[in-house]
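In: The following comprises the amino acid sequence and a computationally predicted model.
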Amino acid sequence: MKALAAMGMEIDSHTVAHSKVFDQFPMGTGTERYPDYQPIVTNRLAARGATVLGELRVSKFLLEALAPGVTVQSFRAGELAYPLGLPQALVATGYRFDSTATANTVLTHLPYRLMKDRMDQIEVDQYEFPVAVEDEELPPLGERLPDALKLAEQMSRYGGDLTVLIHPNILDHKLRFEVGLIEALKATAWIGALDEFGSWWRGRDHVEVDVLETNDGLRLRLTAQEPVSGLTVLLPLSCAAKGQEAGPSPRPWALPRWWCRWNEALSE
């Protein structure tokens with residue numbers, strides 16, 4: 001653990017019990033702690049003494065205790081089992097990001113903000129990064145590199161997130177896939193860990209946008225609530241950037257203000 005942390009590797013939680021029925025665990029009390037929390041997996045479809053909050057709290061504690069200086073921010077459930085109450089449980093236990101849902105299930109390759117009980121009423125301060133490619137379905141992962149690259153090309157048109165789930169248990173075809181994917185995409189894609197990209201996405205999501213009408217056009221002002229860099233602003237084809245000014249701000253990470261003039265056709 002310490003060696004991984006020293007290499008700059010991201011260390012995050014994958015539960016304690018890695019149970020296929022994690023989605024059926026009771027929520028728990030929020031007081032679960034090591035060493036008293038001891039879930040027992042009796043078979044692939046059964047476990048006892050386990051709770052959702054226990055899996056989150058204890059795994060996070062153990063990882064951070066074993067690797068001083070590491071802060072566990074992200075989570076992926078074992079077997080991709082997804083309890084309905086997981087979004088608010090993640091918030092309650094100090095996580096920021098989750099990558100349990102698959103893109104084919106949620107019908108998007110873009111990150112999105114989670115809702116309480118995975119419903120549609122109340123947002124929670126938690127973000128999901130769907131899994132785009134995983135390594136346990138057939139055909140073997142090493143044979144799926146052309147399909148993965150085709151998917152990456154399609155996603156590049158709108159800035160999709162190609163999240164790869166890969167277990168380091170086979171050095172043969174899985175390693176070939178990983179090396180081939182990175183070699184093919186490293187010149188055109190950003191490649192990194194979930195914590196880093198998640199922090200950027202969260203900062204992007206918290207950017208406030210104000211459009212003000214002035215005598216010489218429209219003024220677009222962006223203000224970041226959290227530090228964020230590399231943010232791209234896309235303007236309509238009929239709108240051209242006229243200039244920028246930094247301007248004073250109570251927050252040092254406030255973004256520059258952009259000016260643009262809309263053409264007459266768009267104004268009409």
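Out: Received the coordinates, thanks.

In: quick one, helices of this protein?
Out: With DSSP state H as the criterion, the chain has helices at 2-6, 52-66, 86-92, 103-106, 145-156, 173-185, 194-205, 264-267.

In: So for residue 231, which of the ones you listed sits nearest?
Out: helix 194-205 (6.1 Å; Cβ to Cβ). For every residue, glycine as well, the C-beta is placed using N, CA and C.

In: Now do the closest one: which elements does it pack against?
Out: Of the remaining helices and strands, those touching helix 194-205 by 3 or more Cβ pairs under 8 Å, 6 or more residues apart in numbering; DSSP states H and E are strand 74-75, strand 97-98, strand 123-128.

In: Rebuild the helices of the chain as JSON lines, extending it with distance to residue 227.
Out: Shown next, in JSON lines, are the helices of the chain (distance: least, Cβ to Cβ, whole Å):
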{"stretch": "helix 2-6", "distance to residue 227": "23"}
{"stretch": "helix 52-66", "distance to residue 227": "23"}
{"stretch": "helix 86-92", "distance to residue 227": "21"}
{"stretch": "helix 103-106", "distance to residue 227": "28"}
{"stretch": "helix 145-156", "distance to residue 227": "26"}
{"stretch": "helix 173-185", "distance to residue 227": "26"}
{"stretch": "helix 194-205", "distance to residue 227": "6"}
{"stretch": "helix 264-267", "distance to residue 227": "33"}
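
In: Reformat these as CSV; add distance to residue 16, mean pLDDT and mean neighbour count.
Out: Converted to CSV, the helices of the chain look like this (distance: least, Cβ to Cβ, whole Å; pLDDT from 0 to 100; neighbours: other Cβ atoms under 10 Å):
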stretch, distance to residue 16, mean pLDDT, mean neighbour count
helix 2-6, 19, 89, 11
helix 52-66, 5, 97, 21
helix 86-92, 14, 97, 22
helix 103-106, 24, 95, 14
helix 145-156, 31, 96, 14
helix 173-185, 25, 96, 16
helix 194-205, 20, 93, 18
helix 264-267, 56, 35, 9
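
In: Residue 236 is nearest to which of those helices?
Out: Closest approach to residue 236 among those (Cβ to Cβ): helix 264-267, 6.9 Å.

In: follow-up on the earlier one: of the helices and strands packed on helix 194-205, which approaches residue 13 most closely?
Out: Residue 13 lies closest to strand 74-75 among the helices and strands packed on helix 194-205, at 4.8 Å (Cβ to Cβ).
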